[in-house]
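K.L.:
pasting the sequence and the predicted model now:
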Amino acid sequence: MTAGTRAVLRAVFDGAALFFVWYLAGYTLLLLLRAARGSRVPRGRRDPEPKEWPAVSVIVPVFNGEETILETLSSLLKLRYPNFEIVVVDDGSTDGTVRRVWEHFALASVGKGRFSGPLPASPISGAFRGEIQGVRLTLLRKAHGGTEDALNVGVNAVRNPYFLCCGADAAFEEDALAEIVRPVLADPTTAAVGGAVTVQKERGSFLAEMQAGEYERAFLAPSLFFARFGGTIFVSRAFGLFRRETVLLAGGFHANASGEDLGLILRMRAVLRERGERCILRYAPKAVCRVRVPQTLSALCAQRGRRYADLVRTVWTYRRTLLGTAGIGAVFPFLCCAVWGMLFPFEGAIGFAACLLAAVRAFRIGTSGLAALLCGLGFTAVTCAAYSQNAAARGKPASLRGLVSAAGFALLEIFAEKPIVWAAQIWELLRAALQKLRICRRTGKGRGA
């Protein structure tokens, strides 16, 4: 290898590594800004009377959730809230989900006609209802059509002004529903409220511990910052409160898997903007929901690959958001979503490869060596900052043990788990693109005139 070629390669490696470091530095700055500005959930001088809390419907879409559905429903029934109902929508399960719910709670068959509504959704094939511990529980059956179709069935079926979406494998703190409703008490025109989605940690699961740090960074820290300035564009269906009227105006949930978390909010913002109304979106850090996460690396890669492909499709579909179609307040967070979300696997893979090659080829300490060190320290600092700030937002100051644990798992994540996930995400995107290209060629779409 000539000296000139070696110098060019070194410059490429150094530039890529430094770019990755600056990328992490920008994300750290976002966390620091969030910490400086904060986001406090508005509270009155007293807790409202039971009659002042709005009625809420909890919609639980489930598909083959026989192992977790009863545990989730038991957690929901323990919620301390004066006026709520639970609607379970079975999305054509092939296991014993329906039978377990029906038998365990002794539900009675009811007419299907009362559950119709304006959103396009699969017809209901069976409806069952009962009252457990003073809470009305409804079970609806339908043919398999996806999570979004099941949610639309649930939105059609309920009549309360607000509904809460949650997964069929989640656990809730007893005050979770009350906490996520508090922003609505402060401003009844609030369109949606996001809750804190964290990980159900299982003993001995290193992979779950690493994902816990990722959830702290991705779900919690940026949400508080953007909510402070009215720029929230992401409310997770894993634990999110929505105003039913606004969701109906936005056309309900569209079939786009995980990318619909972003798509629905952008449509809500756009439709309210057209009506001359503000789309008020809040975040409730003390409303905590814990979800189960993949326990094997292959399952994690498959999940993240699908989510990443969905995100890219959603960002491309709603690219006109950058022109202000969903309001000026959505432009910057949408751009951050595109940069930090859509480009992250490529940025991470390039930076990691540059740092690794720099170490293997022993380019002395150099810029790439320093970048590799800063990369690990920066990622660790981001995770620790997210952990401490989110703990403080929940009223539980971070412990030294928790910080040390977060730092250790962050290092394992960035140098062990993340490169594999990045490769899986890039592969899934390429696979989806090739599949789309084959479909276009087969149908004749996309050919020039």
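P.N.:
It's in. Since we're looking at a predicted model, the values are computed, not measured. Residues are numbered from 1 along each chain as shown.
K.L.:
quick one: pLDDT of the residue nearest to the spatial centre of the chain?
P.N.:
Nearest to the geometric centre of the chain sits residue 236, at 4.2 Å (Cα atoms, centre = their mean). Predicted confidence (pLDDT) at residue 236: the value is 85.
K.L.:
I figured it hits residue 197, correct?
P.N.:
Yes. Taking contacts as Cβ atoms under 8 Å, residue 236 lies within contact range of residue 197: 5.5 Å. (Each C-beta comes from the backbone N, C-alpha and C, glycine too.)
K.L.:
contacts only, for the residue nearest to the centre of the chain.
P.N.:
Shown in contact with residue 236 (Cβ atoms under 8 Å, 6 or more residues apart in numbering): 194, 195, 197, 219, 261.
K.L.:
for residue 307, grab phi and psi.
P.N.:
Backbone torsions of residue 307, given as degrees, to the nearest 10, read phi -60, psi -40.
K.L.:
poorly predicted segments of the stretch 201-350 of the chain, please.
P.N.:
By pLDDT under 70, the weakly predicted segments of the stretch 201-350 of the chain are 202-204, 217-231, 256-259.
K.L.:
quick one, strands of it?
P.N.:
Ranges of strands within the stretch 201-350 of the chain are 239-243, 281-291, based on DSSP state E, counting those that start in this stretch.
K.L.:
go through the ones you listed and pick out the most buried.
P.N.:
Mean neighbour count (mean count of other Cβ atoms under 10 Å) peaks for strand 239-243 among the strands of the stretch 201-350 of the chain, with a mean of 25.
K.L.:
partners of it in the sheet?
P.N.:
strand 162-166 (antiparallel), strand 192-199 (antiparallel) (DSSP bridges).
K.L.:
quick one: average confidence on the shortest one?
P.N.:
Okay, so that is strand 162-166. Mean pLDDT, computed over strand 162-166, is 96.
K.L.:
cool, the last one as well?
P.N.:
Averaging the model's pLDDT scores along strand 192-199 yields 87.
K.L.:
would you mind putting the CA coordinates of it into PDB?
P.N.:
This file holds the C-alpha atoms of strand 192-199, laid out as PDB (Å, rounded to 0.1, in the frame of the first residue of the first chain):
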ATOM      1  CA  ALA A 192     -52.600  13.100  23.500                       C
ATOM      2  CA  VAL A 193     -50.300  12.300  26.400                       C
ATOM      3  CA  GLY A 194     -47.300  10.000  26.300                       C
ATOM      4  CA  GLY A 195     -46.400   7.900  29.300                       C
ATOM      5  CA  ALA A 196     -43.000   6.500  30.400                       C
ATOM      6  CA  VAL A 197     -42.400   3.100  28.700                       C
ATOM      7  CA  THR A 198     -39.700   1.200  30.500                       C
ATOM      8  CA  VAL A 199     -38.400  -2.400  30.500                       C
END
